[in-house]
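Engineer: got a predicted structure plus its sequence, pasted below:
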Amino acid sequence: MKGSYLISNNSIDQTGIKEILDQEHILEFDANQRKFIQDQRSRLLSILEKNEKPVYGINTGFGALCNTIIPDDQLNSLQINLVRSHACGFGELATPEICRLVLLLKILSLVKGYSAVSIELIDFLIQLYNAKIYPVIPVMGSLGASGDLAPLAHLSLSTIGEGQVYFNDEIKETNSVLSQHNLTAPFLKAKEGLALLNGTQFSLALLLNAYWKAKSCYHNANRIAALSMESFNCNISFLHPTIHEIRNQKGQIHAANELRNWFEGSDIYSREEKSVQDPYSFRCAPQVHGASLDVIEYCERIINYEINSVTDNPLLISNEEIISGGNFHAQPLALASDFLCIALSELANISERRLYQLICGNRGLPDFLTADAGLNSGYMIVQYAAAAAVSMNKQWCTPSSVDSIISSKGQEDHVSMAANAGIKCNKVAEQTELVLAMEWMTASRAWQFRNQWKMNSKLQQLRNDYIAKIAFNHDDHIPSKDYQPTILFLRAHSEF
């Protein structure tokens, strides 16, 4: 039986989000928070009845139309028109997993109560989530201020019975799926369309997804590097604890410790014919991997803040005050996504260099890791492919957050481009996984020529399990067939 998660005003971090997703928890509503939301909605309606002044997005137009007053009898139509007109996304579709995450994050934000939406709207979104009905979202179209307008408009089309949804791994028309589940679209009342569209949940979902991949890549990079170091017969004196302690960099110390653990029980310490120093891609792995870990942990802090944030506008902050602000501006997420791009790219960059060293015929290894070089090319072109991926990663590391394009007749004159940063960050994460898989394939192949040596039992077992699934092939074959199985193998055995 599936567990449940009680939605309240309590804080939750990325670990809690991952647990909800991985364990497929059903969302349930805390009674006290439910009452608070109902009270907030009543306060909003009371303010609107008493207040003759315009309130942005509730009885005015949007963006540059903020001074256009909307009659009371058209306020609901205003919100519906907002969702329809802003559903301008394009490009490839976000995966069902990303759409699911966006929906969850939007629910958690609205439940804070400051958006003052109706309880019926939140109930509907929770019903969608629990029924595994996820609105389809094109990835392109957000500027990252005033929130992720276009992506969240596509998410919100479901509330008016329009658009498309993922259900049972298929894309279907929203209306047909709602009818199948006896669900009725709540449509939208004063402020609700704006509350749905103003927010950073799409950019946050992209960053969060890339963060999870980055954390896995970091730990995999250490164990894959360990296998490469074994196969290259490194002089691992560079892992001496004091070297790293006197540098005093937290990530570096962690990486060195994790690498060192992979050599327990290995005979690498007593092997002969050691080089005095190894190339940087081996010797500086703790410094490089550790610096990426520091960035990953910085991103985790930003993510945890944002999960628990209210990013709508305007906000009902007291019994009498509806205040306009700029919490929808996703600059923290844009900078974090760009930074994470660089950190991931460097994990791939140094991985490709280790791969290169392994195929060069050094340290007693055959050229290109084939016993019959010339007739066979071995892993010569695996390195080419890894180099192509690394080069593309570097191009994707051009920061999105330094760009800003004026929109809405100058009203929105500085934007974050956080979604664009998140999109390319996920691409870099995927290709970093691929490059690390290529290094694992190469190091595993190199170890075939080192059978006289002994390595850490856990690492040896992992390599044995891998060879049992993807057998060593002496002759030339098609390496690309092994990429995805290797990625899946490393994911399945990830310690994150």
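Structural biologist: All right, it came through fine. Please read these numbers as outputs of a predicted model, since none were measured by experiment.

Engineer: residues of whichever strand or helix holds Gly251 that come out buried?
Structural biologist: Per DSSP states H and E: Gly251 is located in helix 250-261. Buried positions in helix 250-261, judged by neighbour count with 16 or more other CB atoms under 10 Å: Gly251, Gln252, Ile253, His254, Ala255, Ala256, Glu258, Leu259, Arg260. The C-beta positions use only the backbone N, C-alpha and C, and glycine is treated the same way.

Engineer: would CSV of the residues you listed with distance to Asp338 and pLDDT be doable?
Structural biologist: Formatted as CSV, the entries for those read as follows, by distance: CB to CB, whole Å; pLDDT from 0 to 100:
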residue, distance to Asp338, pLDDT
Gly251, 18, 98
Gln252, 22, 98
Ile253, 26, 98
His254, 23, 98
Ala255, 22, 98
Ala256, 27, 98
Glu258, 26, 98
Leu259, 28, 98
Arg260, 32, 98
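
Engineer: any chance of those in a markdown table, plus distance to Ser77?
Structural biologist: As requested, the buried residues of helix 250-261 are exported to a markdown table (distance: CB to CB, whole Å):
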| residue | distance to Ser77 |
| --- | --- |
| Gly251 | 53 |
| Gln252 | 58 |
| Ile253 | 60 |
| His254 | 56 |
| Ala255 | 57 |
| Ala256 | 62 |
| Glu258 | 58 |
| Leu259 | 62 |
| Arg260 | 65 |
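
Engineer: just give me the closest of those to Lys424.
Structural biologist: Closest approach to Lys424 among the buried residues of helix 250-261 (CB to CB): Gly251, at 23.0 Å.

Engineer: how many neighbours does the closest residue to Phe232 other than its chain neighbours have?
Structural biologist: Excluding its sequence neighbours, the residue lying closest to Phe232 (CB to CB, 6 or more residues apart in numbering) is Arg363, at 5.6 Å. For Arg363, the count of nearby residues is 18 (other CB atoms under 10 Å).

Engineer: how far out from the middle of the chain is the helix holding Gly251?
Structural biologist: On the basis of CA atoms, centre = their mean, to the nearest Å, helix 250-261 is displaced by 24 Å from the centre of the chain it belongs to.

Engineer: with stretch 406-418 instead?
Structural biologist: The offset between the C-alpha centroid of stretch 406-418 and the centroid of the whole chain comes to 25 Å, using CA atoms, centre = their mean.

Engineer: now that stretch: buried residues?
Structural biologist: Neighbour counts using 16+ other CB under 10 Å place Ser407, Ser408, Glu412, Val415, Ser416, Met417, Ala418 of stretch 406-418 among the buried residues.

Engineer: just the closest of those to Leu293, please.
Structural biologist: The shortest gap between Leu293 and any of the buried residues of stretch 406-418 belongs to Ala418, at 22.7 Å (CB to CB).

Engineer: circling back to that earlier point, what about the helix or strand just after the helix holding Gly251, average pLDDT?
Structural biologist: Of the helices and strands lying after helix 250-261 in sequence (DSSP H and E), the nearest is helix 280-283. Averaged across helix 280-283, the pLDDT comes to 98.

Engineer: what about the closest residue to Leu103 other than its chain neighbours, which SS state?
Structural biologist: Leaving out its chain neighbours, the residue that sits closest to Leu103 by CB to CB, 6+ apart is Tyr129, at 5.4 Å. Here Tyr129 is recorded as helix under DSSP: H, G, I helix; E, B strand; the rest coil.

Engineer: pretty sure Ser404 sits against Glu412.
Structural biologist: No - judged on CB atoms under 8 Å, Ser404 makes no contact with Glu412 at a distance of 9.6 Å.

Engineer: wasn't Ser480 part of a strand?
Structural biologist: No - for Ser480, which was evaluated using three-state DSSP, the result is helix, with no strand membership.
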